[in-house]
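J.: kindly return the folded structure for what I paste below:
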Amino acid sequence: MTAETPEMLEGTPLIKPSTADHPLYDAVVEACRSVYDPEIPVNIYDLGLIYTIEISPENDVTVLMTLTAPGCPVAGDMPGWVAEAIEPLAGVKTVNVQLVWEPPWGMDMMSDEARLELGFM
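T.: Take a look at the predicted model:
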């Protein structure tokens, strides 16, 4: 028998699903793509740093994101950059960006475009 984490027992995904069917979703994704980690020449969405984009029926946006490493020098700034990118979008009521560390970010979370840009493909 293998050890199971509480998440596995409850069937809870490690990364909460996004509200991809909301009309604002694509615009929020594009806003996230306008934010770059200053140390890596790829936007944070394609790097896989944006875990969840949740948009309520009232157009309140919550973003769960991580960083490539907990000691990232812009850890205190990047959530604000993401919020500043999303807030001006027409229809967005509020923006809440939360930094999470579980699951830890890994290179396998990058899009194919990001891997290509960084020379990993």
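
J.: CA atoms only for stretch 97-116, dumped as CSV, please.
T.: C-alpha atoms of stretch 97-116 as CSV (Å, rounded to 0.1, in the frame of the first residue of the first chain):
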residue,chain,number,x,y,z
VAL,A,97,-3.0,37.9,-5.9
GLN,A,98,-1.8,35.2,-3.5
LEU,A,99,1.7,33.7,-3.4
VAL,A,100,1.7,29.9,-2.8
TRP,A,101,4.5,27.4,-2.5
GLU,A,102,2.6,24.2,-2.9
PRO,A,103,3.1,22.4,-5.2
PRO,A,104,6.6,23.7,-5.7
TRP,A,105,7.3,25.1,-9.2
GLY,A,106,9.2,22.8,-11.5
MET,A,107,10.5,23.2,-15.1
ASP,A,108,7.9,20.8,-16.2
MET,A,109,5.3,23.5,-15.6
MET,A,110,6.6,25.7,-18.4
SER,A,111,4.8,25.9,-21.7
ASP,A,112,6.5,24.6,-24.8
GLU,A,113,7.0,28.2,-25.9
ALA,A,114,8.9,28.9,-22.7
ARG,A,115,11.0,25.8,-23.0
LEU,A,116,11.9,26.7,-26.6
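
J.: and the helices in this protein?
T.: 6-10, 25-33, 78-86, 112-117 (DSSP state H).

J.: contacts for the last one, please.
T.: So that's helix 112-117. 41-42, 46-48, 107, 121 (CB atoms under 8 Å, 6 or more residues apart in numbering). In short, each C-beta sits where N, CA and C put it, glycine included.

J.: starting at the chain centroid, how far to it?
T.: 17 Å (CA atoms, centre = their mean, to the nearest Å).

J.: please convert the helices of the chain to JSON lines, extending it with mean pLDDT and mean neighbour count.
T.: Output for the helices of the chain, formatted as JSON lines (pLDDT from 0 to 100; neighbours: other CB atoms under 10 Å):
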{"stretch": "helix 6-10", "mean pLDDT": "45", "mean neighbour count": "10"}
{"stretch": "helix 25-33", "mean pLDDT": "97", "mean neighbour count": "17"}
{"stretch": "helix 78-86", "mean pLDDT": "96", "mean neighbour count": "19"}
{"stretch": "helix 112-117", "mean pLDDT": "88", "mean neighbour count": "15"}
